[in-house]
Every structure is written in structure tokens, then in C-alpha cells.
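Asker: Sequence first, then the predicted structure:
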Amino acid sequence: MIMKLIFFILSVLALSLFQVKATNWNQYRGPNGSGVAQDCQPPYKISKKNLIWKTLLIPGFSSPALSEDKLFLTGLSGDRLVTIGVNKSDGKIIWKSLTPKVELEKVHKAGHPACSTPLVVDDCVYSYFGSYGLICYKLDGTELWKKPIPTPKTLYGMSSSPISYGDNIIMVLDNDANLPSSSLSQSKIVAFNKKNGKSAWEIARPLHRSGWSTPMIWKHNQDTELVVLGNGRVSGYDMKSGSRKWYVTGFSRETISIPISGNNLLYVSSSRLGGGGDIQLDPLPFWEAVIQFDKNADGKIERKEMTKNFTFPIRPELPIGHPGFGIPLPKDKERKKSRLDGMFKGVDRNRDNFWTKEEFIENMRSGRGKPLLIAINPGGQGDISKTHLKWELNRSIPEIPSPLLYKDLIYMIRNGGLLAAIEASTGKLIYRERINAPGHYSASPIGSNNHIYLSSNRGIVSVVRANRKFKIIHQYDLQSPIHATPAIDKDSLYIRTEKSLWAFRNQNN
């Protein structure tokens, strides 16, 4: 009888532990931003057969964040930013809460004012909007506090999401208003008290301009550190003093992915400026895109030819005028003129008032950084760019999606549907294969139940076996754009498309 009672207690404890692990997708990309849902069994062959509900949503790019029985997202309704609570069981929207009315921040045409993913901690949900700031709600939608935060100046709009550590909510607020001539640092990391939103501490980041990466907590065998990827470098901060302990340089101006950790190593990735994922950059397509503005057909570009839709190309495969084609320019005529003047002088190195093909190509090769996936050993101090790198890879690096460490392999998905698997201990490329789902990728890969889930902007979800041998298990076309990373709990997969939220459940559990 006693043995039966002990067995029953142990079974209940095991079940409760499973539930805690299985429902801990409480922030952007799940536990500590890893993208991994341990001990969960979502369906890996999604279809109408295991679609348990589909709910219409207002537009937004934020990912779902989960509590035990609800999920939370943000969106834009008309000109008002909104936080939304949804029942996981049936998909019903149980509450909506509008932020105070504010002027919406300027975002890229391919972006959105509701990009940052909510954070769920205990019995509260925290929403951040670049246009307003941070708001705390109970899980039933009751507002507890709000903290207006000045909107950082960025190239594309804010997308960094809040994370939790101890008694605080941590936000990275990097800012293009960080001027080298100023003694004040506009870029900073801020910890806000969970209970009242008051600032607990700040860390100035004087070397940083706008970035789009979410921070993470790196627990290794020597310490616990806050890791932040920003323009040009990744940095580690002491969680007690707030001081910067170490940094690694070599990253591009525009960093987006979230760092990940495992095997006592930190893994950080960033593509070349403009999305180039391989070390060998072919500058010819970029020149061919620019030379289309050569009105007098002399094989050169003059300043007066930089008219209408002209901008410096970053994705020459897109048509001129497409929002992703080139560097975004101000709408104000004077500011745009000033930006173009500076752009022209930056390439015209011999000051003969022409861009030649040779000058342009030299600029392309020297000004975009290199694509990087690096593994960092713990224990460094100061500049550890040459002392603490275990390995470096310069191939198949994505622009927006973060890497995924799952079962000793790192998976990365690039535009075009190119999936790479890398050995986490050595950096060796195991395979690089196309998954037959072309187009752009904004959603990061996630892993669970021995499978990798990949979502394209076109709306195709591909499921690949987590293995050293490449194998596509299943593909399903939702026929609606996907920009947000899906979420997972113990038996379900939640996918946000342009207009809807979908829930697919493993019916065998």
C-alpha cells in the first residue's frame, strides 16, 4: 500500500514537471529564446485533420506567448495598438486592451508597429510597443501599470522583445540618436520592476545604434550573464553589477537574431549587411541594379541620376521600388537629399563626381561586414574576439531567422528555403539543402518532438527530421503570409499568419 502511494505521488510530480516544461513558451521563441520545446509532442504532419481552431486576428508581427491556458499577442487596430488574450482550448478572444493613443513610430514597409512579442511571467503579461512603451496586465486583461518609454530612433522600427530575470523585466533600447559627439548615451539596457514598472537599473551602450535582436540569459559553468547582440558586436554583461564583461566584434551594422546557448557555449549569428549569407559576395548584381539609373548610358552614375526610387541596393534580386530593395531613405526632401549626398560621397572615393563600376565594387566588398555564426567559450574579459572563439562559420547565415540548437546540431534557414545543419561542437557543415519552399523567411526555426518546424513568408510550413541526414517529413501551405515565429506547448502548434491564428493539436495525446 505504501509503495503504491509513493508511486502515485511520484507520478503526479512527474506529470506536474512535464506540464511546467511543456507550457513554458512564455516569451519570444520560447524558453530563453531557444526555440526548443522539450518534452512536448506537437503534430509534425499538420493538416485540416488536426486543425482544432482558427481565429481571425488584427494585423501584427508579434509571436504568440503562452500561459497554461491562454496565449497572448499584439496587433494594430486602425491607429490603436492592442494586446490580445486568447483561449488555448477554443481560440476565442477573451480580452483586448488598447494602449493610450499615440503617434505610431515609423516602420519599414515590410515591418509593423506591433513586432515585439509579449512576455508572460507568473500571473502577468507584459507588452512592449516601440510607439508607446511597456504595459503590464493580469492574465485576465486587467491593467496593472504602464510605463511610457520614448520611442528609440531606428531604421526599420522596434522589434526587440522583453525578457525576465529575477524581479525585473529587461529591455534593450538601442537608438540611432546615439551620436559620437554627444556625452549622453541614448542606447541602453533598462530593467523595469515587474510589480510597478519603475526603473531598477540602466546600462548605457554608447557604442551602439539601432538593432533588432532580443537579449538572452547565458548560464554557463562559471557565471550567469546577460547577452545582447547589437550593431557590430555581441556583448556579455554581469547580472549583478550591470557592467559589460566582454564583447566580440565582426558583426554587421544590422543584427536581428537572438543568441542561443548549449554545451557550455554561446552561439551568435548575423548575415552580411543586406542579407548576404556567404563569405564570397558577388557585387555584380548590385552594380547591375544601380546602373539602371544611368540615364545618359555612359556606364557611370552621377549624383543627378540618383532620382525617384534610387537607393543603395541591399537585395538586388527585388524590383526597384520594392520596400526591401535598398536602404530606406527619409521622406523629407532635405533629409533625403542630405542622405543621398553622403551616400554618393561614400562611394566616390576619388572625388571625380562619378560612381564607376570599380569604385562601387570596392565599396561593396569593404563596407558590409562578413556573415558570421560563432561559438564563444565562457570566461572572457574585454575584447575576446580572438581569444574565446571556439569556431567560426561564414556560410548559409540567415538575415532575420535565428539559429536553432537542437540535439547537438544547429539549424539555420535562409531566404530561398535553404536549410543548413551544423555540428554544434565543431562548426562543421553537415548539410545544406533546399526544402522546396522558396521565398523569404522571417520566422525562426523551432524544434520539438524530434522535428524542426520552418515557416516561409509565403505561408508554407515545412517539417524536417532532426537528424544528420536531411529528410523532409511534411509540408503544408496555409496560403497566407507568415512573419511571426510559431509557438509550441505540450501537444499543440500555434501559427500566426497575416490575418489569422491557427492551432494544430496532436490528437494522439
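Answerer: Everything's here; your move.

Asker: make it CA atoms for all contacts and neighbour counts henceforth
Answerer: Fine.

Asker: low pLDDT regions in the stretch 351-500 of the chain?
Answerer: Filtered on pLDDT under 70, the stretch 351-500 of the chain yields the residue ranges 365-369.

Asker: Try it again at 80.
Answerer: 362-369 (pLDDT under 80).

Asker: can you give me the helices in it?
Answerer: Counting by DSSP state H, counting those that start in this stretch, the stretch 351-500 of the chain has helices at residues 357-366.

Asker: how about the strands of it, start to end?
Answerer: Secondary structure of the stretch 351-500 of the chain, counting by DSSP state E, counting those that start in this stretch: strands at 372-376, 382-383, 389-393, 404-406, 409-414, 418-423, 429-434, 446-448, 451-455, 460-465, 472-477, 487-488, 492-496, 500-505.

Asker: Helix, strand, or coil at the closest residue to residue 117 other than its chain neighbours?
Answerer: The spatial neighbour of residue 117 that comes closest, neighbours along the chain excluded (CA to CA, 6 or more residues apart in numbering), is residue 62 at 4.6 Å. Three-state call for residue 62 (DSSP: H, G, I helix; E, B strand; the rest coil): coil.

Asker: who touches residue 62 in this structure?
Answerer: 73-75, 114-118, 484 (CA atoms under 8 Å, 6 or more residues apart in numbering).

Asker: From those residues, which land in strands?
Answerer: Among the contacts of residue 62, the residues falling in strands (DSSP state E) are 73-75.

Asker: circling back: nearest to residue 348 among the contacts of residue 62?
Answerer: Using CA to CA, residue 115 is the member of these that sits closest to residue 348, with 37.1 Å.

Asker: ok, how many other residues are close to residue 218?
Answerer: 22 (other CA atoms under 10 Å).

Asker: what about it, helix or strand, and which?
Answerer: Residue 218 belongs to strand 216-219 when assigned by DSSP states H and E.

Asker: now what about that strand, what contacts it?
Answerer: 32-33, 163, 224-228, 258-261, 266.

Asker: How far away from the center of its chain is that strand?
Answerer: Mean-position distance between strand 216-219 and its chain equals 16 Å (CA atoms, centre = their mean, to the nearest Å).

Asker: Export it to CSV, keeping only CA atoms.
Answerer: Provided in CSV are the C-alpha atoms of strand 216-219 (Å, rounded to 0.1, in the frame of the first residue of the first chain):
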residue,chain,number,x,y,z
MET,A,216,19.0,36.3,-23.6
ILE,A,217,20.4,34.9,-20.3
TRP,A,218,23.6,32.7,-20.7
LYS,A,219,24.0,30.3,-17.8
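
Asker: for the record, mean pLDDT for it?
Answerer: Mean per-residue pLDDT for strand 216-219: 97.

Asker: circling back to that earlier point, whichever of the contacts of residue 62 end up buried, select them in ChimeraX.
Answerer: In ChimeraX, a selection of the buried entries from the contacts of residue 62 looks like this (16 or more other CA atoms under 10 Å):
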select :73,74,75,114,115,116,117,118,484
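
Asker: hey, C-alpha coordinates of stretch 490-501 in CSV?
Answerer: Below are the C-alpha coordinates for stretch 490-501, written out as CSV (Å, rounded to 0.1, in the frame of the first residue of the first chain):
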residue,chain,number,x,y,z
LYS,A,490,2.7,20.1,-24.7
ASP,A,491,0.6,18.9,-27.7
SER,A,492,-0.1,21.9,-30.0
LEU,A,493,1.5,24.2,-32.6
TYR,A,494,0.2,27.8,-32.8
ILE,A,495,0.9,29.7,-36.1
ARG,A,496,0.1,33.3,-36.7
THR,A,497,-0.5,34.3,-40.3
GLU,A,498,-1.3,37.7,-41.8
LYS,A,499,-5.0,37.6,-40.8
SER,A,500,-5.4,34.5,-38.5
LEU,A,501,-4.2,32.5,-35.6
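
Asker: Which parts of the stretch 101-250 of the chain are strands?
Answerer: 119-121, 124-129, 133-138, 143-148, 163-165, 168-173, 188-193, 199-204, 216-219, 224-230, 233-238, 244-249.

Asker: ok, now which ones touch the spatially most central residue of the chain?
Answerer: Geometric centre of the chain, nearest residue: residue 257, 4.5 Å, by CA atoms, centre = their mean. When contacts are counted by CA under 8 Å, 6+ apart, residue 257 touches 212-214, 229, 268-270, 399-403.

Asker: so residue 266 bridges to which residues?
Answerer: Assessed by DSSP bridges, residue 266 has beta-bridge partners residue 261, residue 376.

Asker: Neighbours of residue 110, how many?
Answerer: 10.

Asker: Surely it and residue 324 touch.
Answerer: Yes. Counting by CA atoms under 8 Å, residue 110 touches residue 324, with 7.0 Å between them.

Asker: where's the closest residue to residue 326 other than its chain neighbours relative to residue 37, distance?
Answerer: Nearest non-adjacent residue to residue 326, counting by CA to CA, 6+ apart: residue 313, 4.0 Å away. Taking CA to CA, to the nearest Å as the measure, residue 313 falls 38 Å from residue 37.

Asker: Looking at these two, which one has more neighbours?
Answerer: residue 37 (25 against 21).

Asker: Nearest to residue 41 among the ones in strands among the contacts of residue 62?
Answerer: Nearest to residue 41, judged by CA to CA, of the ones in strands among the contacts of residue 62 is residue 73 at 22.7 Å.

Asker: Go ahead and confirm the closest one touches residue 59.
Answerer: No. Using CA under 8 Å, residue 73 is not in contact with residue 59, being 10.3 Å away.

Asker: Tell me if residue 338 really is in a helix.
Answerer: Yes. Counting by three-state DSSP, residue 338 is located in a helix.

Asker: residue contacts, it?
Answerer: So residue 338 contacts nothing (CA under 8 Å, 6+ apart).

Asker: sorry, back to before: could I get the pLDDT score of the residue nearest to residue 117?
Answerer: In this prediction residue 62 is given a pLDDT of 98.

Asker: Relative to residue 71, how far out is it?
Answerer: Taking CA to CA, one finds residue 62 at 12 Å from residue 71.

Asker: what do you get for residue 228?
Answerer: 26 Å.

Asker: Likewise for residue 113?
Answerer: 20 Å.

Asker: what's the answer for residue 36, then?
Answerer: Distance from residue 36 to residue 71, by CA to CA: 18 Å.

Asker: same thing with residue 329?
Answerer: 37 Å.

Asker: Looking at these two, which is more packed in?
Answerer: residue 71 (25 against 17).

Asker: looking at this, the more buried one is in a helix?
Answerer: No. Per three-state DSSP, residue 71 lies outside any helix segment and is strand.

Asker: who's it bridged to?
Answerer: Counting by DSSP bridges, residue 71 is bridged to residue 66, residue 86.

Asker: which non-adjacent residue is nearest residue 168?
Answerer: Residue 168's closest residue in space is residue 193 (CA to CA, 6+ apart), at 4.6 Å.

Asker: ok, now how distant is the one you found from residue 89?
Answerer: 32 Å.

Asker: Of the two, which one has the most company?
Answerer: residue 193 (17 against 11).

Asker: My guess is that one contacts residue 199. True?
Answerer: Yes. Between residue 193 and residue 199 a contact is recorded at 6.3 Å, counting by CA under 8 Å.

Asker: one step back: quick check: phi and psi on the residue nearest to residue 326?
Answerer: Main-chain torsions, residue 313, degrees, to the nearest 10: phi -70, psi 140.
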